[in-house]
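>>> just a sequence and a predicted model for now, questions to come.
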Amino acid sequence: MNKTQLPIRTRFAPSPTGVMHVGGVRTALFSWLIAQKNNGIFILRIEDTDKVREVEGSIEQIEKSLKWLGINWQEGIGIGGPNAPYLQSKRLDIYKKWANQLVENGRAYTDPYSKEELEEFRNQAKADKIPFLYRNHRRESVNTWAESKPLRFKSDPKPYRWNDAVMGELSTGPEVIDDFILIKSDGYPTYNFCHVIDDMMMGITHVLRSQEFISSTPKFLNLYEALNIQRPILATLPYVMSIDGQKKLGKRDGAKDILQYAKEGYLPEAMINFLATLGWNDGTEQEIFSVDELIQKFSLDRIQKSPARFDEKRLLWLNGQWIRRLSLDELYRRVHDFWPESAKQASEKYKMQILGLVQDRLKTMADLPILTSYFFDEPKPNWDMVEKDKYLSKLNIGEIMGLLKSAQIALSSSNNDAKSIQQNLNTLLETTGQKPAVLFSIIRLVISWAPFSPALNETLSILGPEKVNSRLKLAIDIATQISR
Ligand code: GLU
């Protein structure tokens with residue numbers, strides 16, 4: 001049967017070497033989307049055979065990151081499944097069995113050389129200006145495995161031409177095929193060997209992985225042949241680059257722990273949308289995609305071949321878009337940990353009203369304190385803001401005081417609903433002959449002392465007449481002091 005007719009099974013197979021970054025999570029997402037779209041199975045396997053690079057706690061971090069994004073796996077770490085265990089260090093016997101079979105078939109052998117001897121071969125190749133190939137030093141007679149020594153693959157060098165579901169037709173010559181190590185002297189298999197075994201045993205139909213593995217693919221093809229297994233569909237995901245497109249995304253260009261974005265008030269919906277469109281589009285101008293839409297529309301053939309650029313500003317924009325799309329109830333649940341300290345005592349009703357007012361202005365949930373703290377705390381007046389304001393700086397202190405006093409009178413007679421407050425503000429515009437930009441700016445500023453605030457009438461309504469009056473009065477007192 002053709003692989004494409006099998007039930008689709010994809011996997012994410014990270015090594016536990018630290019936190020998850022954007023690139024890795026994107027690989028997970030694309031693999032998951034392919035499985036979801038085809039009612040397939042997505043597997044989480046942990047590749048922990050390089051004990052030197054392993055970082056404690058990484059597996060939990062990986063699980064947590066995927067769970068935050070809603071990338072759920074149907075088999076694998078934590079939940080088990082028909083191909084358990086899913087932790088490679090627990091599968092050593094399996095690799096050993098397959099390694100022995102290769103030995104028996106004359107396709108694997110013990111590496112007899114010491115490190116020093118290998119180094120000498122390397123140096124000699126360098127001196128002769130030819131690429132070093134281990135197989136040039138292969139001793140034909142030894143098809144055995146001395147387990148304290150590395151076991152090498154006996155390769156069959158040949159040219160390859162293969163199709164990569166993203167990169168298209170690729171080809172290489174026999175010179176890239178060498179006798180690579182299958183099992184190291186510490187008994188652990190190499191990635192090159194054990195991922196092939198696992199993908200086969202776990203029935204993986206599509207292998208999606210980062211571009212860094214593309215140069216090793218001919219080796220894998222050679223090994224698939226030696227093992228007589230049909231290879232999965234291979235799809236290479238282009239690198240994620242820094243915003244200037246000059247280098248692979250690194251820590252300095254914003255590659256950080258994906259969970260850090262959760263702490264910074266990003267929504268998983270926005271992150272998924274961002275990651276999905278990092279090197280993929282549906283062929284239209286559409287920018288906002290829900291998970292369901294992605295599942296429906298995602299396909300390997302629309303992944304771009306060229307590297308994607310990591311644009312954190314776009315992520316911020318998407319986050320604002322997604323915050324706006326949530327229902328108020330849902331947003332209220334999500335922002336639980338982001339309210340300013342002083343909001344803890346406030347009622348749910350009051351906070352809901354405020355949240356409804358600022359929802360459109362939140363770029364991240366972490367903006368909540370700066371946008372709302374004056375609703376809970378008395379803001380500290382900062383007259384500098386009046387003096388630096390585009391409109392207010394043109395007025396003298398007497399004019400400002402006049403406006404504040406008129407506002408105090410006008411607002412004291414309002415009913416406290418936003419509509420009648422607006423009517424009074426409109427009347428005030430007429431009686432003072434001021435432009436809205438000027439009049440509303442001074443009121444807005446002295447009741448919030450914040451750099452921006454939402455619709456004035458609604459803000460005043462939620463704050464309530466007492467707070468409004470006392471803040472206007474305080475501003476009048478300050479203006480009086482200044483004018484003396
Ligand atoms: N363990 C490899 C890594 O973390 C995975 C490569 C693959 O997906 O085959 O980079």
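Arrived safely. All of these numbers come straight from a predicted model, not from anything done at the bench. Numbering: from 1, shown residues only.

>>> what's the longest helix anywhere in the chain packed up against?
For the chain, the helix with the greatest residue count under DSSP state H is helix 465-483. Helix 465-483 sits against helix 397-412, helix 436-448, with contacts defined as 3 or more Cβ pairs under 8 Å, 6 or more residues apart in numbering; DSSP states H and E. The way it works is simple: take the backbone N, C-alpha and C, and place the C-beta from them, glycine included.

>>> which one of these lies closest to Leu278?
helix 436-448 (37.6 Å; Cβ to Cβ).

>>> packing partners of the closest one?
Using 3+ Cβ pairs under 8 Å, 6+ apart, helix 436-448 sits against helix 384-388, helix 397-412, helix 418-432, helix 456-463, helix 465-483.

>>> can you show me the helices along the stretch 201-350 of the chain?
217-227, 258-263, 268-276, 291-297, 312-325, 328-334, 348-358 (DSSP state H, counting those that start in this stretch).

>>> ok, and what's touching the last one?
When you say that, I think you mean helix 348-358. 328, 331-332, 335, 339, 343, 368, 371-372, 375, 454-455, 458-459, 462 (Cβ atoms under 8 Å, 6 or more residues apart in numbering).

>>> so which of those comes closest to the ligand?
Proximity of the contacts of helix 348-358 to the ligand (Cβ to the nearest ligand atom) peaks at Val335, which lies at 34.1 Å.

>>> for the one residue in the stretch 351-484 of the chain that gets nearest to the ligand, what are phi and psi?
Residue nearest to the ligand within the stretch 351-484 of the chain: Thr364 (29.1 Å; Cβ to the nearest ligand atom). Main-chain torsions, Thr364, degrees, to the nearest 10: phi -130, psi 160.

>>> okay, now the unreliable bits of this protein?
For the chain, the stretches with pLDDT under 70 are 1-6, 141-142.

>>> wait, doesn't Leu69 sit right on Phe274?
No. Leu69 lies out of contact with Phe274 (Cβ atoms under 8 Å); the separation is 10.7 Å.

>>> near the ligand, which residues of the protein are found?
Proximity of the chain to the ligand is confined to Ala13, Pro14, Ser15, Glu47, Tyr191, His195, Arg209 under the rule Cβ under 6 Å from any ligand atom.

>>> quick one, what contacts Asp311?
Asp311 touches Ile243, counting by Cβ under 8 Å, 6+ apart.

>>> against Asn273, how distant is it?
Using Cβ to Cβ, to the nearest Å, we find Asp311 at a distance of 13 Å from Asn273.

>>> isn't Ser216 right up against Thr190?
No. Between Ser216 and Thr190 there is no contact under Cβ under 8 Å: 10.4 Å.

>>> show me which of these two is the more surrounded one.
Taking other Cβ atoms under 10 Å, Ser216 and Thr190 do not tie; Thr190 has more neighbours (18 against 13).

>>> apart from its chain neighbours, what residue comes closest to Ala455?
The shortest distance from Ala455 to any residue other than its chain neighbours is 7.1 Å, reached at Leu357 (Cβ to Cβ, 6 or more residues apart in numbering).

>>> repeat that for Val386.
Leu392 (5.1 Å).

>>> what sits against that neighbour?
Residues in contact with Leu392, defined by Cβ under 8 Å, 6+ apart, are Val386, Ile400, Val438, Ser441, Ile442, Leu445.

>>> leaving out chain neighbours, which residue sits closest to the fourth one?
In this case it means Ser441. Using Cβ to Cβ, 6+ apart, the closest residue to Ser441 is Tyr391 (5.2 Å).

>>> neighbours of the one you found, how many?
15.

>>> so what does it have for phi and psi?
phi -90, psi -40.

>>> check contacts around it.
Tyr391 neighbours (Cβ under 8 Å, 6+ apart): Lys435, Ala437, Val438, Ser441.

>>> separate out the buried members of those residues.
Buried by 16 or more other Cβ atoms under 10 Å: Val438, Ser441, out of the contacts of Tyr391.

>>> thinking again about what came up before, now the residues of the chain next to the ligand: which count as buried?
Ala13, Pro14, Ser15, Glu47, His195, Arg209.

>>> in TSV: those residues, plus distance to Trp322 and secondary structure.
Output for those, formatted as TSV (distance: Cβ to Cβ, whole Å; DSSP: H, G, I helix; E, B strand; the rest coil):
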residue	distance to Trp322	secondary structure
Ala13	29	coil
Pro14	26	coil
Ser15	31	coil
Glu47	32	coil
His195	35	helix
Arg209	28	strand
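
>>> just these now: which is nearest Ile478?
For those, the nearest to Ile478 is Pro14 (58.1 Å; Cβ to Cβ).

>>> isn't Ile295 right up against Lys37?
Yes. Counting by Cβ under 8 Å, Lys37 is a contact partner of Ile295 at 5.3 Å.

>>> how much space between Val19 and Met271?
From Val19 over to Met271 (counting by Cβ to Cβ), the distance is 15 Å.

>>> returning to what we had before: deepest of the helices and strands packed on helix 465-483, which one?
helix 436-448 (a mean of 20; mean count of other Cβ atoms under 10 Å).

>>> quick one, what contacts the closest residue to Phe310 other than its chain neighbours?
Spatially, and ignoring its direct neighbours in sequence, Phe310 is nearest to Leu249 (4.9 Å; Cβ to Cβ, 6+ apart). Residues near Leu249 by Cβ under 8 Å, 6+ apart: His21, Val22, Gly23, Tyr239, Val240, Met241, Ser242, Ala255, Phe310.

>>> drop anything exposed from those residues.
Looks like the contacts of Leu249 have His21, Val22, Gly23, Tyr239, Val240, Met241, Ser242, Ala255, Phe310 buried, using 16+ other Cβ under 10 Å.

>>> returning to that earlier point: any idea which of the residues of the chain next to the ligand is closest to Ile41?
Using Cβ to Cβ, Ala13 comes nearest to Ile41 of the residues of the chain next to the ligand, at 14.0 Å.

>>> spit out the contact partners of the nearest residue to the closest one once chain neighbours are set aside.
Distances taken as Cβ to Cβ, 6+ apart put Arg45 closest to Ala13, at 4.5 Å, once the chain neighbours are dropped. Arg45 is in contact with Arg11, Phe12, Ala13, Gly76, Ile77, Tyr86, Leu87, Gln88, Asp198, Met202, counting by Cβ under 8 Å, 6+ apart.

>>> perfect, that will be all.
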